[in-house]
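Chemist: only geometry, no sequence info:
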């Protein structure tokens, strides 16, 4: 299948499943569900669930086996964006070309919408795990996702990022922020897809290494786009890192060196995928597509 067709197919499957998970009848918590839907169904790249599906397709046969975990990852990612946009964090007005959640529903409901998405993601994963007599791979996958989103993953990266505003930080600290705040939730779907797909341990380890390179490349590209990106394509304001005096790859090493680092990391991903031959074509093309992205 042509790359763009496969990409769109994945996105359609993911969006349909996400929509079904929030297909609730109106009740006392209606405003909460509405707020959750507002951010979750606002579009976006769907990168994390796509990575879970693509990784699974290397090893498994029925993509629906990994779908609950793919959607849970997108819910966790969306909750983090809602909270990131709050005045106490990044104080952003736009996300995915729309007003941020708290600008529509207020800070209190936005906080609860983020909390709701995070908690609901684990309800979905646990409900799915309980359907299987042999739950090991499912519980292992849930633990991988919990670790990647937690205090030694995304949240750990967020706190260091927050504490680093208005400071000049060393490359070691910047790598910690990028590898935890961003890359952790890119590593997780690749590992989970392999785990649920019944991959060998060496393949799961390879997916982790691919995710580390891809995740860092993704964040460095974000750093670059915050300087030279097109706001109409990004769907959010540029220059926010500079305004907050945040250290980024672009500010520490310059745009050209940052672009070269992204290419190097993408080459690493491509080399790691080669042993999987034609099965890895989608992931190969995706890594190159992400390197050249404008949003």
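Modeler: The structure has been received and is ready for your questions. This is a predicted model, so every value here is computed, not measured.
Chemist: Any regions of the chain where pLDDT drops low?
Modeler: Where the chain drops to pLDDT under 70, the residues are 231-239, 295.
Chemist: Okay, strands next: where are they in it?
Modeler: 94-95, 98-99 (DSSP state E).
Chemist: if we look at stretch 213-223, which residues are touching it?
Modeler: Applying C-beta atoms under 8 Å, 6 or more residues apart in numbering, the contact partners of stretch 213-223 are 47, 51, 175, 178-179, 181-187, 190, 241, 248-251, 258, 261-262, 265-266, 268-269, 272, 287, 290-291, 293. The way it works is simple: take the backbone N, C-alpha and C, and place the C-beta from them, glycine included.
Chemist: mind running it again at 6 Å?
Modeler: Applying C-beta atoms under 6 Å, 6 or more residues apart in numbering, the external contacts of stretch 213-223 come out as 178, 182-183, 186-187, 248-250, 258, 261-262, 265-266, 268-269, 287.
Chemist: thinking again about what came up before, adding distance to residue 73 and mean neighbour count as columns, could you present the strands of the chain in CSV?
Modeler: Below are the strands of the chain laid out as CSV (distance: least, C-beta to C-beta, whole Å; neighbours: other C-beta atoms under 10 Å):
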stretch, distance to residue 73, mean neighbour count
strand 94-95, 18, 18
strand 98-99, 21, 16
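Chemist: Nearest to residue 96 among the contacts of stretch 213-223?
Modeler: Among the contacts of stretch 213-223, residue 182 lies closest to residue 96 (C-beta to C-beta), at 16.8 Å.
Chemist: give me the number of residues near the closest residue to the closest one other than its chain neighbours?
Modeler: Computed as C-beta to C-beta, 6 or more residues apart in numbering, the closest residue to residue 182 that is not its neighbour in sequence is residue 219, at 4.1 Å. Using other C-beta atoms under 10 Å, residue 219 has 23 other residues around it.
Chemist: how much space is there between residue 219 and residue 226?
Modeler: To residue 226, residue 219 is 11 Å away according to C-beta to C-beta, to the nearest Å.
Chemist: before we move on, the earlier item: can you pick out the most distant pair from the contacts of stretch 213-223?
Modeler: 187 and 250, at 22.8 Å, using C-beta to C-beta across the contacts of stretch 213-223.
Chemist: Could you pick out the longest helix of this protein?
Modeler: The longest helix of the chain (DSSP state H) is helix 201-228.
Chemist: buried stuff in it?
Modeler: Judged by neighbour count using 16 or more other C-beta atoms under 10 Å, the buried positions of helix 201-228 are 203-204, 206-207, 210-227.
Chemist: Which parts of the stretch 151-295 of the chain are helices?
Modeler: Applying DSSP state H, counting those that start in this stretch to the stretch 151-295 of the chain gives helices spanning 154-163, 171-177, 184-196, 201-228, 231-234, 240-243, 249-253, 255-273, 281-291.
Chemist: Can you tell me which of those is packed in deepest?
Modeler: Compared across the helices of the stretch 151-295 of the chain, helix 184-196 shows the largest average neighbour count, a mean of 27 (mean count of other C-beta atoms under 10 Å).
Chemist: Mind giving me the packing neighbours of it?
Modeler: If contacts are counted by 3 or more C-beta pairs under 6 Å, 6 or more residues apart in numbering; DSSP states H and E, helix 184-196 sits against helix 47-59, helix 67-84, helix 136-149, helix 201-228.
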